[in-house]
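Asks: let me see the structure of the following:
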Amino acid sequence: MQDTLPICVYASFDEREKSPPFPKAKPQKLEANAPLVFGVFPPWCVHPACDRRNMLQCWTQRDGTTLTVHTRYAGDRKDGAACREDCLDVDAACETPPLEPGAYTVRHGDKTYAVKVPSVVRAPCFGGK
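Replies: Residues are numbered from 1 along each chain as shown. Got it, this is the predicted structure:
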């Protein structure tokens, strides 16, 4: 799966660690001249009894005011497996370079989202189910 996973925007890696994961991330106060951190989450509950060879990646590119977030998940679900509880904490994160004040477009796959720096993002998660 590439560029279709749910993502959340965070003010820093520290804020990402303190916040509940997708889709319940807490509001984020984005500061000028600081990077944004994007967290990416797997498409389902990942559990050793159900999955093998999991790999989750995230990276960003900046072109002017467009921030492109790339995500990739690879993993095999074991035949007939349907784990829904006791999931592993599997996620990845990537950051942008420091961003000056302004309006930015976040592009992730075929979706776009608007982010203003500085601002408070009340619902920092995008995509997913």
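Asks: pLDDT below threshold where in the protein?
Replies: Along the chain, the model assigns pLDDT under 70 to residues 53, 89-90, 128-129.
Asks: show me where it has its helices.
Replies: Secondary structure of the chain (DSSP state H): helices located at 13-18.
Asks: tell me where it has strands.
Replies: Per DSSP state E, the chain carries strands over the ranges 7-10, 28-30, 37-40, 51-63, 66-77, 92-95, 102-108, 111-117, 119-121, 125-126.
Asks: can you put those in JSON lines and add distance to Arg16 and mean neighbour count?
Replies: Where C-beta positions appear, they are placed from N, C-alpha and C, glycine not excepted. Listed next are those as JSON lines, based on distance: least, C-beta to C-beta, whole Å; neighbours: other C-beta atoms under 10 Å:
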{"stretch": "strand 7-10", "distance to Arg16": "4", "mean neighbour count": "26"}
{"stretch": "strand 28-30", "distance to Arg16": "9", "mean neighbour count": "19"}
{"stretch": "strand 37-40", "distance to Arg16": "5", "mean neighbour count": "25"}
{"stretch": "strand 51-63", "distance to Arg16": "11", "mean neighbour count": "14"}
{"stretch": "strand 66-77", "distance to Arg16": "14", "mean neighbour count": "18"}
{"stretch": "strand 92-95", "distance to Arg16": "6", "mean neighbour count": "18"}
{"stretch": "strand 102-108", "distance to Arg16": "16", "mean neighbour count": "16"}
{"stretch": "strand 111-117", "distance to Arg16": "15", "mean neighbour count": "15"}
{"stretch": "strand 119-121", "distance to Arg16": "13", "mean neighbour count": "16"}
{"stretch": "strand 125-126", "distance to Arg16": "12", "mean neighbour count": "18"}
